[in-house]
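*Asks:* sequence and predicted structure are below.
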Amino acid sequence: MPAAHRTRIDLLAGTCIAAATLLPGGPAHAQDASPFRSERFDEDWRRVDVDNRPFGAGFKNMDVADGVTLSVGGDARWRFSSLDAPRLGLADVEADEWLLQRLLLHADLRFADHARVFVQLGAHDGIGRQLPATTDDNEFDIQQAFVDISLDGPGGHFTARAGRQELALGPRFVTTRDSGNVRQRHDMVRLMFTSGRWRADLFGGSPVTDGHGVFDDEPDGGQDFYGARLEGTFGANTLGLYAYEVDRDAAALGGVTRNDDRISIGARLAGRRGAFDFDTEATAQTGAFGDADIEAFGAMFDIGWRFPEAPLTPRVSGRVTYGSGDSDLSDDTQGTFAPPFPTSQWFGQNGLASFSNTIETAALVGLTAAEDVTLNLKLSSVWRSDVADYVYAGSTALAGTSGGDETFVGKSAAISLAWRPNANVLINPYVSYVDVGDELIARGAHDVTYWHLSVTLRF
């Protein structure tokens, strides 16, 4: 790594570790009741425990005028990563190291319960990566800026939201893709209706492209995203039904780039009963990929059991994830499953897996080492669901991985620790090792070791 980059990394790492050590905040045992949310516009600070208020609570719900309040907050994240075989060793780069820096500041102006204006500014910097991602860098720009108009109507509460906004609908297929540096956002109109246990969402717009300069981000004219989602809560159980359409002028699948007009129709059911919990989701896809008809399918099932009286209060679970592949890359049917805006963290944090052409089986163990420390272990094996299709890393088809006799991709082990010394600070070291299958080794792939250290501050 160049000396200039290393100096910059040392400076930033020292700064964030010092800040994590010195920043005041509520005690760690208050984390379960923390008002902080990943989507900062979803926070509600009105009923925060006065005795355990996190640092920054004084900047929330400040009176501006009669019935008008202002909340201000911010986020900073630094993540240093090391990967010894990018793209399973099938790239021209033998090893890669990089630092991602994310800085966000937001203001939330509310007019009683009837209207709000939410603005979030961001600056993002990717340092030292030899194979940079498109989301690594973005200079000072508008991350979010939207207006809400709310009213109570017959049978429920209605909210209309217009402007630049993050959109997270479930944990897997429509997400903010937080593992990257610049979070996914959209210029769109969203209508939300809640009534009792039910919530309905209707939305339409375009994803935002990162212009990388100052205030130059714009909606992507080559992509449209529309959808509807209905979600109901029944005690500890949640049922979601949805239909999404993504129309991309240029999408790469199976080694070719075509117009991809893809409709996803699916359902999710998740819940808990005592120590037992489960999460299952299935999505069918139709539409057109160039001149080919889309016939794809994805599903997952996770079942877990908690032992609250055992040492470290473990949760043990098993998981199966399936994403279809294309059985014939040259015919008039496209069978590769491709969710709209998926998270890669479902498989791990090394960016080497995908929902496309994938079968993964996994065993997971979660441990509470202390009130403010959790430890997660994962052992998994991955196969291609169809031997004719490629191995995918995110949305990238890895060259030279289609065809052959074996579907086995490899097995992996990962360990992740999350330490919250207080509500404002998260320190997350992560290590994974991928043992690549013999057929991919014969094609030039390598076993992969990845690790990162992430420090996040928020107020």
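*Replies:* Okay, I see it. Numbers count the residues shown, from 1 in each chain.

*Asks:* contacting residues around the most centrally placed residue in the chain?
*Replies:* The chain has R177 as the residue nearest its centroid, 3.2 Å off, counting by C-alpha atoms, centre = their mean. Neighbour list for R177: 135, 183-184, 341-344 [criterion: C-beta atoms under 8 Å, 6 or more residues apart in numbering]. All C-beta spots, glycine's among them, are computed from the backbone N, C-alpha and C.

*Asks:* those residues in helices, which ones?
*Replies:* If you go by DSSP state H, the contacts of R177 have nothing in helices.

*Asks:* A388: which of those is nearest?
*Replies:* Comparing the contacts of R177 against A388 with C-beta to C-beta places P342 closest, at 22.1 Å.

*Asks:* where's the closest one relative to D249, distance?
*Replies:* 20 Å (C-beta to C-beta, to the nearest Å).

*Asks:* before we move on, the earlier item: Throw the contacts of R177 into CSV and include distance to A123 and neighbour count, thanks.
*Replies:* As requested, the contacts of R177 are exported to CSV (distance: C-beta to C-beta, whole Å; neighbours: other C-beta atoms under 10 Å):
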residue, distance to A123, neighbour count
T135, 14, 17
R183, 13, 23
Q184, 17, 19
F341, 22, 19
P342, 26, 22
T343, 23, 21
S344, 23, 21
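
*Asks:* out of these, the closest to L352 would be?
*Replies:* Taking the contacts of R177 together and measuring to L352 by C-beta to C-beta, the closest member is S344, at 8.5 Å.

*Asks:* confidence score at the closest one?
*Replies:* For S344, the model assigns a pLDDT of 83.

*Asks:* and T69, by the same measure?
*Replies:* Note for T69: predicted pLDDT of 96.

*Asks:* partner residues bridging it?
*Replies:* Following DSSP bridges, T69 is listed with bridge partners D63, R110.

*Asks:* burial check on it, number of neighbours?
*Replies:* When counting by other C-beta atoms under 10 Å, one arrives at 18 neighbours for T69.

*Asks:* that one touches M62, doesn't it?
*Replies:* Yes: at 6.2 Å, T69 counts as touching M62 under the criterion of C-beta atoms under 8 Å.

*Asks:* give the contact list for E406.
*Replies:* With C-beta under 8 Å, 6+ apart, E406 has these contacts: 387, 437-439.

*Asks:* repeat for Q334
*Replies:* If you count contacts by C-beta under 8 Å, 6+ apart, then Q334 has 253-254, 289-290, 292-296, 326 around it.

*Asks:* and these as a markdown table, adding pLDDT and secondary structure?
*Replies:* A markdown table is the format used below for the contacts of Q334 (pLDDT from 0 to 100; DSSP: H, G, I helix; E, B strand; the rest coil):
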| residue | pLDDT | secondary structure |
| --- | --- | --- |
| L253 | 88 | strand |
| G254 | 81 | coil |
| F289 | 97 | strand |
| G290 | 96 | coil |
| A292 | 96 | strand |
| D293 | 97 | strand |
| I294 | 98 | strand |
| E295 | 98 | coil |
| A296 | 98 | strand |
| D326 | 95 | coil |
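
*Asks:* buried ones among the residues you listed?
*Replies:* With neighbours counted using 16 or more other C-beta atoms under 10 Å, the contacts of Q334 contain these buried positions: 253-254, 289, 292, 294-296, 326.

*Asks:* list just the nearest of those to W451.
*Replies:* L253 (30.3 Å).

*Asks:* next, L88: secondary structure please.
*Replies:* Following DSSP: H, G, I helix; E, B strand; the rest coil, L88 is assigned to helix.

*Asks:* touching, it and T396? I think so.
*Replies:* No: taking C-beta under 8 Å as the definition, L88 is not a contact partner of T396, at 10.8 Å.

*Asks:* and stretch 181-199, what's buried?
*Replies:* So for stretch 181-199, counting by 16+ other C-beta under 10 Å, buried means 181-188, 190, 192-193, 199.

*Asks:* now it: average pLDDT?
*Replies:* pLDDT averaged over stretch 181-199 gives 97.

*Asks:* which residues touch P219?
*Replies:* Shown in contact with P219 (C-beta under 8 Å, 6+ apart): 186-187, 205-209.

*Asks:* for F41, give me phi and psi.
*Replies:* Backbone torsions of F41, given as degrees, to the nearest 10, read phi -70, psi -10.

*Asks:* residues near it, how many?
*Replies:* F41 has 17 nearby residues by other C-beta under 10 Å.

*Asks:* what's the answer for D405, then?
*Replies:* With other C-beta under 10 Å as criterion, D405 counts 6.

*Asks:* spit out the contact partners of it.
*Replies:* Counting by C-beta under 8 Å, 6+ apart, D405 has contacts 387, 439.

*Asks:* one more time with 7 Å, if that's ok
*Replies:* Residues in contact with D405 (C-beta atoms under 7 Å, 6 or more residues apart in numbering) are E439.

*Asks:* how about it, secondary structure?
*Replies:* Applying three-state DSSP: D405 is coil.

*Asks:* next up, identify which helix or strand R258 is on.
*Replies:* Assigned by DSSP states H and E, R258 belongs to strand 256-273.

*Asks:* typo on my end, D389
*Replies:* Using DSSP H and E, no helix or strand contains D389.

*Asks:* can you give me the neighbour number for it?
*Replies:* Residues near D389, counting by other C-beta under 10 Å, number 27.

*Asks:* surely it touches G325?
*Replies:* Yes: with contact defined as C-beta atoms under 7 Å, D389 counts as touching G325 (3.5 Å).

*Asks:* picking that back up, out of the contacts of P219, which sit inside strands?
*Replies:* 186-187, 205-209 (DSSP state E).

*Asks:* save those residues as CSV, and put in distance to G74 too.
*Replies:* As requested, the ones in strands among the contacts of P219 are exported to CSV (distance: C-beta to C-beta, whole Å):
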residue, distance to G74
H186, 22
D187, 23
G205, 26
S206, 27
P207, 24
V208, 20
T209, 24
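
*Asks:* list the buried ones in stretch 391-400?
*Replies:* 391-394, 396-398.

*Asks:* out of these, which sit inside strands?
*Replies:* Those of the buried residues of stretch 391-400 mapping onto strands are 392-393, 396-397, per DSSP E.

*Asks:* out of those, who's nearest V147?
*Replies:* For those, the nearest to V147 is T396 (36.5 Å; C-beta to C-beta).

*Asks:* relative to L352, how far out is that closest one?
*Replies:* Separation of T396 from L352 (C-beta to C-beta): 10 Å.

*Asks:* looking at this structure, which helix or strand does the model trust least?
*Replies:* When each helix and strand of the chain is scored by mean pLDDT, DSSP states H and E, helix 3-22 comes last, with a mean of 43.

*Asks:* let's see the pLDDT reported for L269.
*Replies:* For L269, the model assigns a pLDDT of 98.

*Asks:* what's across from it in the sheet?
*Replies:* Listed beta-bridge partners, L269: L239, T280 (assigned using DSSP bridges).
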